Structure formats: structure tokens, C-alpha cells
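In: Predicted model follows, preceded by the sequence.
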Amino acid sequence: MQTVMLKLVTIIGETVLAEQLSDELKSLGAKGFTATEVRGEGSRHLRAGDIPGHNVKIETIVSPAVASSILEHVVQKYFSHYAVIAYVTDVSVVRGEKYV
Amino acid sequence: MQTVMLKLVTIIGETVLAEQLSDELKSLGAKGFTATEVRGEGSRHLRAGDIPGHNVKIETIVSPAVASSILEHVVQKYFSHYAVIAYVTDVSVVRGEKYV
Amino acid sequence: MQTVMLKLVTIIGETVLAEQLSDELKSLGAKGFTATEVRGEGSRHLRAGDIPGHNVKIETIVSPAVASSILEHVVQKYFSHYAVIAYVTDVSVVRGEKYV
């Protein structure tokens, strides 16, 4: 079984950002993505009167270069104003040519 | 804390495949699995008239040998006709003996 | 892009445990978590009369030391009586200082 080592980029943020984020991921080179409804609670949500709410987890498998571009973009555009988290996992992917 | 390095196999495909896939995973040696409703959009879905729809993400923790068997099976049975993606992540598991 | 290598701890268990588990994670040092509704089926669920049901997947990004504390806690408190699984993945995180 031939596999390719690629990067799984995971971004978790407010649901309202989902459509915009997925468009941006595609502009930056992602060929597809998976979105999951999640519930998040983090330090940004601990202010008085704030209730933990529905978030979206967006996952995309990309090359290392595209992963870096996505992280750079997410930090510059969202990190100051939104409770967004972003991380990268190494994954071994079947049919890696679909993703790069 | 004693942990064991195992493989987390993730398969994302059309929801209609979930029951069949999970039966097949068990036949191939998986002891259990987790299914999550997700929404997917990928290159297979970009055809005119096609709308991105509800998919299922199936995850199972298995030995390296079972992971290989599962990937082989998924590629041979599904990759030609379905928008399935499959990847493997290394995970450090508590009570690893439950999974192998 | 500056990233930090941290641990993504994933715990999957019965939905009824979600609130208690997330409180415990915070006591043990987690700064936040993400919860996802999932459906699980495992060896614990194969007893006669048992039906696979709705579970929750709780994910948190923490330091290696906090990851160890969480695993230790989960094993000691839950593994004897609940169908809980727990595993750790290495992740490369943007703005790692939020998590430790």
C-alpha cells in the first residue's frame, strides 16, 4: 500500500466563520476539507457572561507548504479577533496525489 | 502511565457506506470504531450539479498490520467509485491491549 | 510561522460523562477543550442486549506533563467502570502559549 506523508491541518473556530474559512483554504491550495460541528470551551470563553457555544472544526489534508500558508493566513486574519485554534498533525495518506 | 504506539485509521466517505464499512473494519480486525457526522467538500464534489453533502468519518485504533489491511481494502473496494479518503495517524494509546 | 509541539489528548466516552470530564480536565491543567458528538461501538458494547450509543469525544491540547496527568486520571477513575478510550497525538500548534 503506497502512502504519502502529508499534513492534516485542523482549524477550530466560530461556526459563522466556516464558509469564509473554507473558501480561503481553497484559495490557499487545499483541494477539499471536512467540517464537523463541535462545542468548544477555551480561555477566550471564560469571560463573565460568556457561554461556550457551537463551533466548527475544519480539517484539510495538504502539502507542508500549503499547511504553512494556511497557518500564516489564519493567524494574521483571525487570531486577534476570534477564538480560533489551529494545529497540524502528520498523516500517512492513501492516494496522496489527490491532495497536492 | 503505560502507553502503546498504535495506528488511528480515519476513513471519510458517504454516509450510506457507514454500516458496510464498519462491518468490514471488524472483519479485518478492528475491535471497535467511532463514527462522526461530518460535511465534506472535495475534488470529487466539484462536478457541476453536485452539492457537497453529509459524510461520515469513521475512526478506529488498530495495530500497524490491521491498519495496512484496512487501507488496502478501502482502496480496492471504494476508491474507484466513491469519494472516500483514508489516512493514518500515529497515536499513543492507554490500555493498548484492547485494540489488538 | 512559529509553532510549538504539544499533545492532543482525545478521550471518548459516554455522553453522560462529558461535563464531569471537562471539569476534571480543567482542574488538571487543560486551558480549553472541544467536544464532539460521536457514535461508538467497541468491545464493551458487544454484550448481549447492549446497543451502541451516543458518545462524546473530548479533545484538548496540553503540555506533555498535563497529558500524562490526564491519562493517569482517566485510567484510574473511569477505565474499570466505563467504556472509555484515551489516546495522545503529537501536534504542531500555532500560538502554543495559549495551551500551557
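Out: Perfect, thanks for sending it.
In: Taking strand B:3-14 as reference, get the angle to the lengthiest strand in chain A.
Out: If you go by DSSP state E, chain A has its longest strand at strand A:3-14. Per axes from the mean of the first three to the mean of the last three C-alpha atoms, to 10 degrees, the angle that strand A:3-14 makes with strand B:3-14 is 80 degrees.
In: which residues touch the residue nearest to A:Ile85 when sequence neighbours are not counted?
Out: Nearest in space to A:Ile85, with sequence neighbours left out and distances taken as C-beta to C-beta, 6 or more residues apart in numbering or on different chains, is A:Ile12 at 5.0 Å. For the C-beta atoms, the positions are set from N, CA and C on the backbone; glycine is no exception. Contacts for A:Ile12 (C-beta atoms under 8 Å, 6 or more residues apart in numbering or on different chains) come out as A:Val38, A:Gly40, A:Asn55, A:Val56, A:Lys57, A:Ile58, A:Val84, A:Ile85, A:Ala86, C:Thr34.
In: which residues touch the host helix or strand of the second one?
Out: So the one you mean is A:Gly40. Assigned by DSSP states H and E, A:Gly40 falls within strand A:33-41. Residues outside strand A:33-41 that contact it (C-beta under 8 Å, 6+ apart) are A:12, A:15, A:18, A:22, A:25-26, A:52-60, A:83, B:12, B:36-42, B:55, B:57, C:22, C:32-37.
In: still on that earlier bit, in CSV: the contacts of A:Ile12, plus neighbour count, pLDDT and distance to C:Val93.
Out: Output for the contacts of A:Ile12, formatted as CSV (neighbours: other C-beta atoms under 10 Å in any protein chain shown; pLDDT from 0 to 100; distance: C-beta to C-beta, whole Å):
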residue, neighbour count, pLDDT, distance to C:Val93
A:Val38, 19, 93, 17
A:Gly40, 23, 84, 15
A:Asn55, 26, 92, 17
A:Val56, 21, 94, 18
A:Lys57, 21, 96, 15
A:Ile58, 23, 96, 16
A:Val84, 22, 91, 12
A:Ile85, 25, 92, 8
A:Ala86, 25, 95, 7
C:Thr34, 23, 94, 13
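In: how about these, which pair is most distant?
Out: A:Val38 and A:Ala86 (14.1 Å; C-beta to C-beta).
In: what's the spacing between the residue of chain A found nearest chain C and C:Ser22?
Out: Residue nearest to chain C within chain A (C-beta to the nearest C-beta): A:Gly42, separated by 2.8 Å. Taking C-beta to C-beta, to the nearest Å as the measure, A:Gly42 falls 11 Å from C:Ser22.
In: what element comes up after the longest helix out of those in chain A heading to the C-terminus?
Out: Ranked by residue count under DSSP state H, the longest helix found in chain A is helix A:64-78. Downstream of helix A:64-78, the first helix or strand assigned by DSSP H and E is strand A:85-94.
In: A:Tyr82 touches A:Val16, doesn't it?
Out: No - with contact defined as C-beta atoms under 8 Å, A:Tyr82 does not reach A:Val16; the gap is 9.3 Å.
In: Is there proximity between stretch A:65-76 and chain B?
Out: No - using C-beta under 8 Å from any C-beta of the partner chain, stretch A:65-76 stays clear of chain B, coming no nearer than 14.1 Å.
In: May I have that stretch exported as PDB, CA atoms only?
Out: The C-alpha coordinates for stretch A:65-76 follow below in PDB (Å, rounded to 0.1, in the frame of the first residue of the first chain):
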ATOM      1  CA  ALA A  65       3.900  24.300   2.000                       C
ATOM      2  CA  VAL A  66       0.200  24.700   1.800                       C
ATOM      3  CA  ALA A  67      -0.100  23.900   5.600                       C
ATOM      4  CA  SER A  68       2.300  26.800   6.300                       C
ATOM      5  CA  SER A  69       0.400  29.200   4.100                       C
ATOM      6  CA  ILE A  70      -2.900  28.300   5.800                       C
ATOM      7  CA  LEU A  71      -1.500  28.700   9.300                       C
ATOM      8  CA  GLU A  72       0.100  32.000   8.400                       C
ATOM      9  CA  HIS A  73      -3.200  33.200   7.000                       C
ATOM     10  CA  VAL A  74      -5.300  32.100   9.900                       C
ATOM     11  CA  VAL A  75      -3.000  33.700  12.400                       C
ATOM     12  CA  GLN A  76      -2.800  37.000  10.500                       C
END
